[in-house]
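1. give me coordinates for this.
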Amino acid sequence: MVQTPLKSDPSVKRQASKLEGIKERSNFLREPLATEVKQDTTHFTDAAVQILKFHGSYQQDNRDNRVRGQEKDYRMMLRTRNPGGLIPAQLYLALDDLSDQYGNHTLRATTRQGIQLHGILKQNLKPTLATIVQNLGSTLGACGDLNRNVMAPAAPFTDKPEYVIAREYADNIADLLRPQTEAYFEIWLDGEKAVSVEEAPEVAAARENRVNGTVLEDSQEPIYGTYYMPRKFKCAVTVPGDNSVDVYTHDVTLVVITDDQGEFQGFNVLAGGGMGRTHNKEETFARISDEIGYVDKADVYDLMKAIVATQRDYGDRITRRHARMKYLIHDWGVDKFRQQVEQYFGKKLEPYKPLPEWQFYDYLGWHDQGDGKKFVGVQIDNGRIYDNGKLKLKTALRQIVEKFDLPMRITPNQSAVLYDIDPANQDEIQAILDRNGIQTPDTIDSLVRFGMACPALPMCGLAVTESERIIPSILARLRSQLKSLGLGDEKFVVRMTGCPNGCARPYMAEVGFVGIAPNSYQLWLGGSPNQTRLARTYIERMHIDTLEATLEPLLVYFKQSRETGESFGDFCDRIGFDALRQYAETYTPARSNSRHRVGVAQDLYDQLKTVAEQQGRPVTAVTADALRAYLHNR
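-> All right, here's what the predicted structure looks like:
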């Protein structure tokens, strides 16, 4: 069980973390990276790796290729910075080319609406980054101790002003909090800014190091200062009711507020969310954000600077696992945090405005854009864009973007929205999707449609077990079990990560799998279908072979005792974990007859065969363990 978090003791004086020194000595994100880029080596030193993150790249090694006594197979992952998920056609085609020229022939849509390139060698890092910048893209600030990609609903509505405002302010907040150091262009483009990006005048004016006359920091970085942030900082902008962005999981979320006539007034402000935690460290925890107040649109940039300055100045720079803003708000309390923000801001915040209930939207399928054009949401299973057996998603997206010159927006659920489509081209675009094996929304299994997974093994250095590679078979097993229990049409949100850092936001899922050891996961239950409630740990360590045996009593209890229309996550939260455990302890599985068991096993085999064909893998490799576990636990 997750225990009550521990408060830090401000009276204890300790040495700042090692990374704070690395940032201080970097000369505003230059060294030792600038020197080591020029060296003929396969990898960067630890200090350069930390600075590299600020430039949008992680150094990884392929654990599938590890050989005892030999150097690790070092590769770089690059992540784009594109507020609101915007990928212009020119940029997408460049990324697609780079994935084949220098990468592992795949792209990956992230849960923060970016695109990742995997498998880049150190020697190819500079030309890859230069190509991205020269094609309307950037990776600056996609990683590191500063503001990450700013999220917004991916729906490109033009006739709904709140959506237009959300996209605009996601861009503006991203520009406001962009690092001002010239290191990025010096290192990757030899000092030349390949693309001149037009910036809103009010954003440029707001970047100076003052809020209502108060000097925040005096340095080359007017907002961040010499040391940047204590830890990463995440923002989102959305509209009332649209929870496609997981509103409660960010350091700061802005919600567009209009009056009764639809005129834009300002923003509701939430702060203090965050998913990362560490196993067996009770002082770390997932947390959802708090309502902070309301700010007028004219003051929103000053407020954002005041919030950033509060975290910059008071966040924990001693213990990195305690450095996110959620811990500051937890330790201080919302009132004290608000008071400090208001001190920097120079005025009181107004009360939080009432909002409608939050709903999750994924925007798959065809929609009217509002200006006579169309947009279409395309499912990307676990965010991986590649050609795999009968599924040729990479080919389809390339053909569509290239022929029709279409921009896209990556969704927070790891899919893509192609937009500005002439209705005359709808049938041809749909035909391209059909012949390349892309399913329509009504044919996608709901577990797959609403599921998410992080990349995990083999590349992520934090992963302790599988996630992306195993979730297709896990979802197939879940669907088979639901059918066997008479719950074949049931849907719920399933998310999986290979470690506790929570990149796929499993702590907001109805069923969350959080990697804790090889082939073993914490099981989190009780999140809501619309991601408005934090899940809780139900089992600390569950071997994946016991999946069906663990879930069967819970699903049977759900079937017997649910309220009308109640989801599985809502049921688990309402009933409570004590009742769930008590029922599971006394549950006796009803032994099915042999014919039924064979039928269920055949159904599971058929589903896993489909998964195997899509992955281009032998059927036995995908199904053997899953079938063995299923039949053993029946």
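
2. C-alpha from now on. contacts and neighbour counts both.
-> Noted.

3. identify the residues contacting the spatially closest residue to Arg324 that is not a sequence neighbour.
-> Spatial nearest neighbour of Arg324, excluding adjacent residues (CA to CA, 6 or more residues apart in numbering): Arg231 at 5.6 Å. Counting by CA atoms under 8 Å, 6 or more residues apart in numbering, Arg231 touches 144-146, 320, 323-324.

4. repeat that for 7 Å
-> Residues near Arg231 by CA atoms under 7 Å, 6 or more residues apart in numbering: 145-146, 323-324.

5. farthest-apart pair in these, please.
-> Spatially, the most separated pair among these is Leu146 and Ala323, at 12.1 Å (CA to CA).

6. can you count the residues close to Glu566?
-> The local packing of Glu566 (other CA atoms under 10 Å) involves 14 other residues.

7. adjust the sequence numbering to begin at 12 for everything that follows.
-> In the new count, where the first residue is 12, that last one comes out as Glu577.

8. measure it to Leu562 for me?
-> Distance, Glu577 to Leu562, using CA to CA, to the nearest Å: 17 Å.

9. re earlier: can I get the contacts of Arg242 in a markdown table with pLDDT and neighbour count?
-> Putting the contacts of Arg242 into a markdown table (pLDDT from 0 to 100; neighbours: other CA atoms under 10 Å) gives the following:
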| residue | pLDDT | neighbour count |
| --- | --- | --- |
| Asp156 | 98 | 22 |
| Leu157 | 97 | 23 |
| Ala334 | 97 | 21 |
| Arg335 | 98 | 26 |
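
10. and this structure, split by domain according to the record?
-> 12-26+159-372, 459-643 (automatic domain parsing).

11. can I get those in CSV with distance to Gln124?
-> Output for the domains of the chain, formatted as CSV (distance: least, CA to CA, whole Å):
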stretch, distance to Gln124
domain 12-26+159-372, 7
domain 459-643, 12
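
12. nearest to Ala45 among those domains would be which one?
-> domain 12-26+159-372 (5.8 Å).

13. now do Thr599: how many residues are near it, please.
-> 9.

14. same question for Asp310.
-> 15.

15. any idea how far Gly304 is from it?
-> 13 Å.

16. hey, what's the nearest residue to Tyr113 once chain neighbours are set aside bridged with?
-> In this structure, Tyr113 finds its nearest non-sequential neighbour in Ile131, 5.6 Å apart by CA to CA, 6+ apart. Going by DSSP bridges, Ile131 is paired in beta bridges with Met87.

17. and the pLDDT at Ile131?
-> If you check Ile131, the pLDDT there is 98.

18. residue contacts, it?
-> 86-88, 113-114.

19. try Pro94
-> Contacts for Pro94 (CA under 7 Å, 6+ apart) come out as 160-162, 181-182, 185.

20. let's see that with 10 Å instead.
-> The neighbours of Pro94, taking CA atoms under 10 Å, 6 or more residues apart in numbering as the test, are 123-125, 159-163, 178-186, 246-248, 420-421.

21. hmm, back to that, okay, and the common contacts of Leu157 and Ala334?
-> 240-243, 323.

22. tabulate the residues you listed (CSV), appending secondary structure.
-> Output for the shared contacts of Leu157 and Ala334, formatted as CSV (DSSP: H, G, I helix; E, B strand; the rest coil):
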residue, secondary structure
Met240, coil
Pro241, coil
Arg242, coil
Lys243, coil
Arg323, helix
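
23. tell me which of the domains of the chain lies nearest to Ala105.
-> With CA to CA as the yardstick, what comes closest out of the domains of the chain is domain 12-26+159-372 (14.8 Å).

24. next one: that closest one to chain centre, how far?
-> Its chain's average C-alpha position is 16 Å from that of domain 12-26+159-372, according to CA atoms, centre = their mean, to the nearest Å.

25. kindly report the same for stretch 475-490.
-> So, by CA atoms, centre = their mean, the centroid of stretch 475-490 is 18 Å from its chain's centroid.

26. which residues does the closest residue in space to Glu501 that isn't next to it in sequence contact?
-> Among residues not flanking Glu501 along the chain, Leu493 sits closest, at 7.3 Å (CA to CA, 6+ apart). Applying CA under 10 Å, 6+ apart, we find Leu493 in contact with 487, 499-502, 559, 562-563, 566-567.

27. ok, Gly277 - contacts?
-> Gly277 touches 265-270, 305-311, counting by CA under 10 Å, 6+ apart.

28. so what's it scoring on pLDDT?
-> You'll see Gly277 listed with a pLDDT of 98.

29. show the backbone phi and psi for the spatially closest residue to Ser68 that is not a sequence neighbour.
-> Of all residues not flanking Ser68 in the chain, Leu89 sits nearest, at 4.5 Å (CA to CA, 6+ apart). Leu89 adopts backbone torsions of phi -110, psi 140, taken as degrees, to the nearest 10.

30. quick check: pLDDT value at Leu89.
-> Reading off the confidence values, Leu89 has pLDDT 98.

31. was I right to think it contacts Cys154?
-> Yes - with contact defined as CA atoms under 10 Å, Leu89 and Cys154 form a contacting pair (9.3 Å).

32. how about stretch 291-307: buried residues?
-> 294-307 (16 or more other CA atoms under 10 Å).
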